[in-house]
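J.: fold the following, please.
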Amino acid sequence: MTFQKERSAGFLANHMARLFANGLQQRIRPLGLAPAQFMTLLALWDEDGLTQRELVQRLNVEQATMANTLIRMERDGLIERRLHPEDGRSQSIHLTAKAVGLREPATQAARSQNEVALTGFSEDERLVFLDLMRRAIASMQAG
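T.: Sure thing, here's the model as predicted:
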C-alpha cells in the first residue's frame with residue numbers, strides 16, 4: 001500500500017501548521033514581532049513575571065530556544081528581567097509597556113489568521129474541528 005499524504009493526519013497537520021505560521025508571521029511582522037516572540041508574549045500576557053523555566057514548560061520549547069528568544073525580546077524592548085522575589089538564583093520575565101501595547105494588535109493579527117484558516121466552515125464545523133484538534137493534541141501528549 002502506498003503512502004497517501006492527503007490521508008495522513010501528520011502530513012496534513014504539519015502542512016496546515018506551516019501555512020498558518022507563515023500567515024501569522026506576515027501579519028505580525030509589521031508589529032516587529034517574530035512567531036516565537038508572539039508565542040512568548042501570549043504566555044506573559046496571561047501571567048506576567050514567569051521564569052524562563054516556566055516559559056519553557058508552558059510553551060514546550062527547548063531551553064536554548066527560549067533563552068535566544070528572550071535575548072531578542074529584551075533587545076527589542078519587549079521584556080525586562082528582574083530577580084525572582086522568592087528565588088534569588090532565578091529571574092522573572094516582565095513585560096514592558098511596549099509589549100503591553102502590542103497585545104491588542106498582535107492578538108487581532110492572530111484572530112485574522114484564524115479567520116482565514118476557518119473560512120468556509122460553519123460555526124458548528126469550527127467548534128467540531130477545534131474540539132477534534134484538542135483531542136488529537138491530548139492523545140499525543142498522553143502517549
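J.: if I look at the residue nearest the centre of the chain, how far off is Leu24?
T.: With distances taken as C-alpha atoms, centre = their mean, Met39 lies nearest the centre of the chain, 2.9 Å away. Noted for Met39: a distance of 10 Å to Leu24, by C-beta to C-beta, to the nearest Å. For every residue, glycine as well, the C-beta is placed using N, CA and C.
J.: cool, and Thr107?
T.: In terms of C-beta to C-beta, Thr107 sits 11 Å off from Leu24.
J.: how about Thr119?
T.: 15 Å.
J.: give me the more crowded residue out of these two.
T.: Neighbour comparison, Thr119 and Leu24: the larger count goes to Leu24, with 22 against 7 (by other C-beta atoms under 10 Å).
J.: that one: which element?
T.: Element membership for Leu24, per DSSP states H and E: helix 9-28.
J.: who's in contact with Gln113?
T.: Contact analysis of Gln113 by C-beta atoms under 8 Å, 6 or more residues apart in numbering lists 20, 23-24, 27.
J.: one more time with 10 Å
T.: 19-28 (C-beta atoms under 10 Å, 6 or more residues apart in numbering).
J.: how far does whatever helix or strand it lives in sit from its chain's centre?
T.: According to DSSP H and E, Gln113 maps onto helix 103-117. Mean-position distance between helix 103-117 and its chain equals 12 Å (C-alpha atoms, centre = their mean, to the nearest Å).
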